[in-house]
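Visitor: quick one: sequence and predicted model below, then my questions.
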Amino acid sequence: MDINFNKNEDHNKLLLSELRKRLTKVKQGGGPKRIEKHHAKGKMTARERVDYLLDDKSDRIEIGAFAGDGMYEEHGGCPSAGVVVKIGYVQGKQCIVVANDATVKAGAWFPITGKKNLRAQEIAMENRLPIIYLVDSAGVYLPMQDEIFPDKEHFGRIFRNNAVMSSMGITQIAAVMGSCVAGGAYLPIMSDEALIVDKTGSIFLAGSYLVKAAIGESIDNETLGGATTHCEISGVTDYKAKDDKDALDTIKNIVSKIGDYDKAGYNRDTPSAPKEDPKELFGILPKSRADQYDMLEIIKRLVDDSEFKQYKEGYGKTILTGYARIDGWAVGIVANQRKLVKTKKGEMQFGGVIYSDSADKATRFIANCNQKKIPLVFIQDVTGFMVGSKSEHGGIIKDGAKMVNAVSNSVVPKFTIVIGNSYGAGNYAMCGKAYDPRLIAAWPSAELAVMSGNSAAKVLLQIETASLKKEGKEITPEVEKELYDKIKARYDNQISPYYAASRIWTDAVIDPLDTRTWISMGIEAADHAPIEKPFNLGVIQV
């Protein structure tokens with residue numbers, strides 16, 4: 001191994017260490033004191049509930065762990081958006097579990113909480129996965145009600161989705177393990193089956209204080225909407241549990257009886273580990289996002305037996321396309337080649353840039369995968385499309401549009417892993433969040449933005465200095481450097497993978513060594529949902 005490999009490895013392992021520290025903090029929810037108070041009530045935390053429900057020692061992936069990270073600081077923060085979402089196995093059946101974290105503002109819904117819950121339901125609907133809700137929430141966070149209550153992608157969409165999923169035949173099970181008030185009371189009752197924990201669970205449209213204020217009736221919350229009331233008088237819930245574990249055991253029992261599902265039929269063979277050591281990923285990926293490297297070496301450490309059969313290997317070299325297997329599943333891979341390449345005409349092309357020929361190749365490959373019913377995996381390290389007169393005259397916009405068209409209309413499941421740059425239209429063409437990947441995850445080395453920090457800072461600096469000069473201010477080299485550093489620091493914060501994950505532009509920031517698990521579990525989930533429409537590119541400029 002050369003010195004650059006060692007430097008890269010040290011840098012990327014430090015990034016991984018930072019990821020682990022951040023995850024440890026996020027998993028504390030509202031903090032040790034609130035967890036202690038939660039336990040004192042005889043309740044398990046959201047994460048303890050999810051871990052108890054999922055099969056021991058089984059694979060699981062967490063969606064949106066960093067949702068809300070660094071947001072709402074003026075309101076005390078909202079770690080993990082106040083809700084835990086994981087895809088895992090219950091009694092051997094793959095499910096998605098959504099658990100309110102009552103240690104965070106009593107499980108109240110912030111705007112990002114709504115977005116995360118809707119993302120969980122979207123995953124359930126796209127993949128027809130059973131969804132389990134572990135409810136423990138005070139409802140909408142009132143100081144921000146205008147940002148969570150009325151719009152299409154807000155709180156009310158949750159219940160609309162409950163109804164739609166029911167009509168689709170997607171199993172929904174809800175356990176009320178704490179508060180379940182106001183509009184939120186509809187979620188468990190719109191599920192197929194509802195459980196409630198005695199003494200700690202409650203469901204009502206209005207609590208005792210509001211009832212007293214509204215109609216003058218004096219009543220305690222337990223009598224108003226506790227487990228006995230809803231299991232023996234109203235008939236709202238189906239099962240009464242004595243405690244959290246009893247409720248979770250009942251869910252396991254229900255799930256164990258669910259019949260098999262109609263499969264999409266994606267091809268799977270016996271899984272094999274990569275022949276090349278996956279741990280070498282840390283040394284191959286450069287420390288600098290501007291440096292060139294061979295993406296083929298990354299792919300070899302992600303796919304079974306390190307076997308990757310390239311499609312149009314000698315054409316459109318700044319995008320690698322080809323067939324492989326990941327954990328036994330057949331996949332089509334579209335990845336940005338990050339090294340300088342030479343065309344047959346002797347021209348040099350920059351790695352990480354999409355040229356007309358590479359866009360054309362990717363379009364054709366995506367169409368082939370759709371015809372053969374092969375899931376697509378996009379590995380992003382892209383700076384964008386090639387610019388300049390030669391590219392414009394060659395029709396780069398037309399060829400880029402064809403690629404975007406193919407990605408948009410693809411009917412096979414798509415999965416996106418951002419390992420480096422994800423800039424501008426390159427993000428779109430390589431199946432960014434706006435193009436409906438079933439799952440999208442980023443490595444700690446990822447950067448998502450319109451352009452790189454250096455480029456953006458230079459553009460913004462020009463605008464800022466021009467504005468100051470108009471005001472008659474002198475811009476010395478020292479002032480210019482100070483402005484540049486300030487702009488660059490602000491922009492660098494925005495291109496961080498954690499900034500993207502906090503807003504759910506990606507589903508997670510992951511350890512690169514977990515990439516195979518994410519893709520494999522994602523395809524297994526997608527196999528629950530047979531393709532229902534043909535692949536059609538529509539009208540494109542040939």
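Guide: All right, it came through fine. Residues are numbered from 1 along each chain as shown.
Visitor: packing partners of the helix of greatest length in the chain?
Guide: What stands out as the longest helix in the chain, according to DSSP state H, is helix 3-26. The contact analysis (3 or more C-beta pairs under 8 Å, 6 or more residues apart in numbering; DSSP states H and E) places helix 3-26 against helix 281-284. Using the backbone N, CA and C atoms, a C-beta is placed for each residue, glycine as well.
Visitor: what are the contacting residues of the helix it packs on?
Guide: By C-beta atoms under 8 Å, 6 or more residues apart in numbering, the residues outside helix 281-284 that reach it are 1, 5-6, 8-9, 12-13, 16, 293-294, 297-298, 301-302, 512-513.
Visitor: give the buried subset of those residues as a PyMOL selection command.
Guide: The following PyMOL line selects those of the contacts of helix 281-284 that are buried, judged by 16 or more other C-beta atoms under 10 Å:
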select buried, resi 8+9+12+16+293+297+298+301+302+512
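Visitor: chain center to the next helix or strand after the longest helix of the chain: distance?
Guide: Using DSSP states H and E, the helix or strand that follows helix 3-26 in sequence is helix 32-40. Distance of helix 32-40 from the chain centroid (C-alpha atoms, centre = their mean, to the nearest Å) equals 29 Å.
Visitor: helix 32-40: what's the following helix or strand?
Guide: Following helix 32-40 toward the C-terminus (DSSP H and E): helix 46-53.
Visitor: and that following helix, what's buried?
Guide: Neighbour counts using 16+ other C-beta under 10 Å place Ala46, Arg47, Glu48, Arg49, Val50, Asp51, Leu53 of helix 46-53 among the buried residues.
Visitor: so which elements touch it?
Guide: strand 83-90, strand 93-100, strand 131-137, helix 244-256.
Visitor: give me that answer again for 6 Å
Guide: Counting contacts by 3 or more C-beta pairs under 6 Å, 6 or more residues apart in numbering; DSSP states H and E, helix 46-53 packs against strand 83-90, strand 93-100.
Visitor: what's the average pLDDT for the last one?
Guide: For strand 93-100, the mean per-residue pLDDT is 98.
Visitor: now do stretch 190-204
Guide: In this model, stretch 190-204 has a mean pLDDT of 94.
Visitor: start to end distance for that stretch?
Guide: 14 Å (C-alpha to C-alpha, to the nearest Å).
Visitor: and it, how far out from the chain's middle?
Guide: 29 Å.
Visitor: relative orientation of the longest helix of the chain and strand 83-90 in degrees?
Guide: Counting by axes from the mean of the first three to the mean of the last three C-alpha atoms, to 10 degrees, helix 3-26 lies at 100 degrees to strand 83-90.
Visitor: now helix 3-26: buried residues?
Guide: Buried, per 16+ other C-beta under 10 Å, within helix 3-26: Asn8, Glu9, His11, Asn12, Leu15, Leu16, Leu19, Arg22, Leu23, Val26.
Visitor: now distance to Asp357 and pLDDT too, for those residues, in CSV please.
Guide: Shown next, in CSV, are the buried residues of helix 3-26 (distance: C-beta to C-beta, whole Å; pLDDT from 0 to 100):
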residue, distance to Asp357, pLDDT
Asn8, 30, 97
Glu9, 34, 97
His11, 33, 97
Asn12, 31, 98
Leu15, 33, 98
Leu16, 36, 98
Leu19, 36, 98
Arg22, 40, 97
Leu23, 41, 97
Val26, 43, 96
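Visitor: turn the buried residues of helix 46-53 into a markdown table, including pLDDT.
Guide: Output for the buried residues of helix 46-53, formatted as a markdown table (pLDDT from 0 to 100):
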| residue | pLDDT |
| --- | --- |
| Ala46 | 97 |
| Arg47 | 98 |
| Glu48 | 98 |
| Arg49 | 98 |
| Val50 | 98 |
| Asp51 | 97 |
| Leu53 | 98 |
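Visitor: in JSON lines, list the residues you listed along with distance to Ile203.
Guide: Conversion of the buried residues of helix 46-53 to JSON lines gives the following (distance: C-beta to C-beta, whole Å):
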{"residue": "Ala46", "distance to Ile203": "18"}
{"residue": "Arg47", "distance to Ile203": "23"}
{"residue": "Glu48", "distance to Ile203": "22"}
{"residue": "Arg49", "distance to Ile203": "18"}
{"residue": "Val50", "distance to Ile203": "21"}
{"residue": "Asp51", "distance to Ile203": "25"}
{"residue": "Leu53", "distance to Ile203": "20"}
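Visitor: quick one: which of those residues is nearest Ser358?
Guide: Relative to Ser358, the closest of the buried residues of helix 46-53 is Val50; by C-beta to C-beta it sits at 42.1 Å.
Visitor: mind listing what the helix or strand hosting Val377 pairs with, with the direction of each?
Guide: Per DSSP H and E, Val377 falls inside strand 376-382. Paired neighbours of strand 376-382 in the sheet (DSSP bridges): strand 329-336 (parallel), strand 414-423 (parallel).
Visitor: picking that back up, from the buried residues of helix 46-53, which is closest to Asp151?
Guide: Nearest member of the buried residues of helix 46-53 to Asp151, counting by C-beta to C-beta, is Ala46, at 26.0 Å.
Visitor: measure that closest one to Asn100 for me?
Guide: Separation of Ala46 from Asn100 (C-beta to C-beta, to the nearest Å): 6 Å.
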